[in-house]
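J.: predicted coordinates and the sequence they were generated for:
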Amino acid sequence: MGRDEGVNLEFVGKFIGWLLYTIWLGFYNTFVPYSWKTKKRLTSKKVLITGGASGIGAACAKLLVEEGCQVAIWDIHEENLANIHRELEKTGYTIYTQKVDLSNESEILKACDDLKERFGDVDILFNNAGLGNASSFLQSNTETMKYIFDVNIFAHMHIVRQLLPRMIEKGEGHIVATSSFGGICALGEFVDYSTTKFAVRGFMEALNNQLELQGVSGIEFTTVFPGYVRTPIWKEFNPGKQYIPVIDADEMAEEIVRGIKLNQKEVIYPKRLTWIMIAKAILPLNVQRSLLLHKFCWS
């Protein structure tokens, strides 16, 4: 009897401590100004950014170099790679660029081997590369859909599988991944793209949970949910009626780097996307669909 009471008291004590911490964390994240918060030092950290030659990736690369990071950039566009390399090498920091086709697993594995040899251990992995397809799902061919899935989600998994073991050995590391507004709300205009972004969100959450279950500590996870950003991927898209403002890549990059420094689990920007996530949790599905599709949905 005494033993059972002891176990219960231990559980109650842990629960109260957890509850108080959760309340404090919510207050800290919501009301404490960024300038007052404890931030991770990024000086001398080695960062790999995929899709880093343009858009959000390039904007983040510039900010991370300013933080004193050594940056490696993978991209498939050689001209953009050359341009970003010239721009960043002027800072005097180590810049490593490599053309990599992220739809090709064997090329990814070779690029990882080259990176380890020439650049060293990666402290922060930013799986940012992505592409979309504005075609109707029934008009899309299998080859195109497979290419999008290979780049948008399978490349994430291949790279993490190569770099995560060393992070675990060192007892520290940070994995960042770009999902999307399309990973929060299912975008009917971009079925394959939105599907992959839901997959990114699921992969990051599931892997984080698995490491927790395995008792692995020191590995941080940050999933990024941008709204509409002026980047090459959105050139062919027409969002139509916008209740989410279009933002610049530089603005988005500032939020991402802040999130990395604070070890945030999620970076959601613009902030009104947070309210959309809350609405999805409490509103009936037909109301959610009506708001998203700008028409009355009855189911």
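T.: Thanks, I have the structure now. Numbering: from 1, shown residues only.
J.: burial count for the closest residue to residue 229 other than its chain neighbours?
T.: With Cβ to Cβ, 6 or more residues apart in numbering as the criterion, residue 229 has its nearest non-adjacent residue at 5.2 Å, and that residue is residue 252. Placement of C-beta: from N, CA and C, glycine included. Per other Cβ atoms under 10 Å, the neighbour tally for residue 252 reads 24.
J.: mind naming the longest strand for the protein?
T.: The longest strand of the chain (DSSP state E) is strand 219-226.
J.: ok now it, how far from the chain's centre?
T.: 4 Å (Cα atoms, centre = their mean, to the nearest Å).
J.: paired strands for it, with orientation please.
T.: strand 173-178 (parallel), strand 266-269 (parallel) (DSSP bridges).
J.: average pLDDT across it?
T.: In this model, strand 219-226 has a mean pLDDT of 97.
J.: packing partners of the next helix-or-strand element following it?
T.: As assigned by DSSP states H and E, the chain's next helix or strand after strand 219-226 is helix 249-261. The contact analysis (3 or more Cβ pairs under 8 Å, 6 or more residues apart in numbering; DSSP states H and E) places helix 249-261 against helix 55-66, strand 173-178, strand 219-226, strand 266-269.
J.: buried residues in helix 249-261, which are they?
T.: 249, 252, 253, 255, 256, 257, 258, 259, 260, 261 (16 or more other Cβ atoms under 10 Å).
J.: same check, this time on stretch 34-45
T.: Across stretch 34-45, burial judged by 16+ other Cβ under 10 Å covers 42, 45.
J.: not counting it itself, show me its contacts.
T.: Stretch 34-45 has contacts (Cβ atoms under 8 Å, 6 or more residues apart in numbering) with 28, 64, 67-70, 123-124, 258, 260-263.
J.: who wins for most neighbours among these?
T.: That'd be residue 260 among the contacts of stretch 34-45, by other Cβ under 10 Å, with 27 neighbours.
J.: residue 248 versus that one, what's the distance?
T.: 19 Å (Cβ to Cβ, to the nearest Å).
J.: where do the strands sit along this structure?
T.: Counting by DSSP E, the strands of the chain are 46-50, 70-75, 95-99, 124-127, 173-178, 219-226, 266-269.
J.: next, format the ones you listed as TSV and append distance to residue 284.
T.: TSV is the format used below for the strands of the chain (distance: least, Cβ to Cβ, whole Å):
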stretch	distance to residue 284
strand 46-50	38
strand 70-75	43
strand 95-99	48
strand 124-127	34
strand 173-178	30
strand 219-226	23
strand 266-269	23
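J.: and of these, who's closest to residue 285?
T.: Checking the strands of the chain against residue 285 by Cβ to Cβ gives strand 219-226 as the closest, at 20.2 Å.
J.: now the helix ranked longest in the chain: how far from the chain's centre is it?
T.: The longest helix of the chain (DSSP state H) is helix 2-31. Distance, stretch centre to chain centre, for helix 2-31: 30 Å (Cα atoms, centre = their mean).
J.: what does the average pLDDT come to for it?
T.: 77.
J.: please begin residue numbering at 872 from this point
T.: Taking 872 as the first residue, the last one we looked at is helix 873-902.
J.: which stretches of this structure aren't confidently modelled?
T.: The chain contains residues with pLDDT under 70 at 872-878, 1103-1114, 1159, 1161-1165, 1170.
J.: for the residue nearest to the spatial centre of the chain, what are its contacts?
T.: Nearest residue to the geometric centre of the chain (Cα atoms, centre = their mean): residue 1048, 2.3 Å. Residues near residue 1048 by Cβ under 8 Å, 6+ apart: 997, 998, 999, 1027, 1071, 1074, 1075, 1093, 1094, 1095.
J.: how many neighbours does the nearest residue to it once chain neighbours are set aside have?
T.: Counting by Cβ to Cβ, 6+ apart, residue 1048 lies nearest to residue 998, which is 4.4 Å off, once chain neighbours are set aside. Counted by other Cβ under 10 Å, the residues lying close to residue 998 total 29.
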